[in-house]
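Undergrad: okay, here's the prediction I keep looking at, along with the sequence it came from:
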Amino acid sequence: MSSSTGTALEILRLRVSYGRVPVLRDVTISVPAASVVGLIGRNGAGKTSTLRAVSGVVRRGGGQILLHGVPLPASPHQVASRGVIHVPEGRGLIPSLSVYDNLRVGCAAVGKPLGADQLEFVATYFPKVPPLFDRKASLLSGGEQQMVALARGLVTAPTVLMVDELSLGLAPKAVAEVLAALLDATRSNATALLIVDQNVRALAKICDRLHYLHDGVSSEVGSDITDETALRSIYFS
């Protein structure tokens, strides 16, 4: 369980390149403990690359990433073990495994068991997931897959949960349901959230802070950007 005060995750002047092509040139994002921070921008702006760099999936070319003021390792296993969990775009479930086994594998990846406390957590905050325990992940709907992916990340009681494209492929009703479950679950153990999503209006309603990524550079914007003029200024400037 994370502290309810201070900064949980801090990304400072992060740079990432794919080969000789720079993708991130100067990304600075602060995620206070127990807060909800959104990262927005056009397709290809580097939002996914930012999360992948934090989780160690892609090589960091420069800058710093700190967890409670301590440098975060670049190894995906070490990042997860330190309490920074990444729900990737596409959810990252193992299609051939049952829902229960996906949860078990998620816990095992950070050296924790899927025990009674974890199962109670899932039943409390994701009540639609336990009835799916015996079903293969490949047979789930998009909304069910997202619920399972979030539950898998949160049963490990992370300090920070990073979610890439939360609403991808989901109907508006499913998005609202997934968001409600996610917020309730993270508040229960003071988990900080860093969310990437194209649904700016949905993010603006739940985020304490929003950061805009453009040409590999981040900037903080107001969290009240729900009108059409403001949205156009962000995506079509």
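TA: Nice, thanks for sending it over.

Undergrad: and Glu89, what is it in contact with?
TA: 48, 164-165, 168, 196 (CB atoms under 8 Å, 6 or more residues apart in numbering). C-betas here are computed from N, CA, C, even on glycine.

Undergrad: mind redoing it with 10 Å?
TA: By CB atoms under 10 Å, 6 or more residues apart in numbering, Glu89 lies in contact with 47-48, 51-52, 163-166, 168, 196.

Undergrad: got the CA positions of stretch 32-40 in CSV?
TA: What follows is stretch 32-40, C-alpha atoms only, in CSV (Å, rounded to 0.1, in the frame of the first residue of the first chain):
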residue,chain,number,x,y,z
PRO,A,32,1.5,12.4,-6.7
ALA,A,33,0.6,9.4,-4.4
ALA,A,34,-3.0,8.4,-4.5
SER,A,35,-3.7,10.7,-7.5
VAL,A,36,-5.0,10.2,-11.0
VAL,A,37,-2.9,11.7,-13.8
GLY,A,38,-3.8,11.5,-17.5
LEU,A,39,-1.6,11.6,-20.5
ILE,A,40,-3.2,12.8,-23.7
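
Undergrad: and it, how far out from the chain's middle?
TA: 10 Å (CA atoms, centre = their mean, to the nearest Å).

Undergrad: quick one: mean pLDDT for that stretch?
TA: With pLDDT averaged residue by residue, stretch 32-40 scores 95.

Undergrad: stretch 64-75 too?
TA: So the average pLDDT for stretch 64-75 ends up being 96.

Undergrad: mind listing what's buried in that stretch?
TA: 65, 67-68, 72, 74 (16 or more other CB atoms under 10 Å).

Undergrad: go on, stretch 199-216?
TA: So for stretch 199-216, counting by 16+ other CB under 10 Å, buried means 199-200, 202-204, 207, 209-213, 216.

Undergrad: endpoints of that stretch, how far apart?
TA: 20 Å (CA to CA, to the nearest Å).

Undergrad: do stretch 84-102 as well
TA: 18 Å.

Undergrad: ok so, going back, show only the entries of the buried residues of stretch 199-216 found in helices.
TA: Residues of those located in helices (DSSP state H): 200, 202-204.

Undergrad: export these to JSON lines and tack on distance to Glu177 and pLDDT?
TA: Formatted as JSON lines, these follow (distance: CB to CB, whole Å; pLDDT from 0 to 100):
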{"residue": "Val200", "distance to Glu177": "19", "pLDDT": "85"}
{"residue": "Ala202", "distance to Glu177": "12", "pLDDT": "83"}
{"residue": "Leu203", "distance to Glu177": "16", "pLDDT": "86"}
{"residue": "Ala204", "distance to Glu177": "19", "pLDDT": "86"}
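
Undergrad: mind listing the helices for the chain?
TA: Counting by DSSP H, the helices of the chain are 47-55, 76-81, 99-108, 116-125, 142-154, 172-188, 200-206, 228-235.
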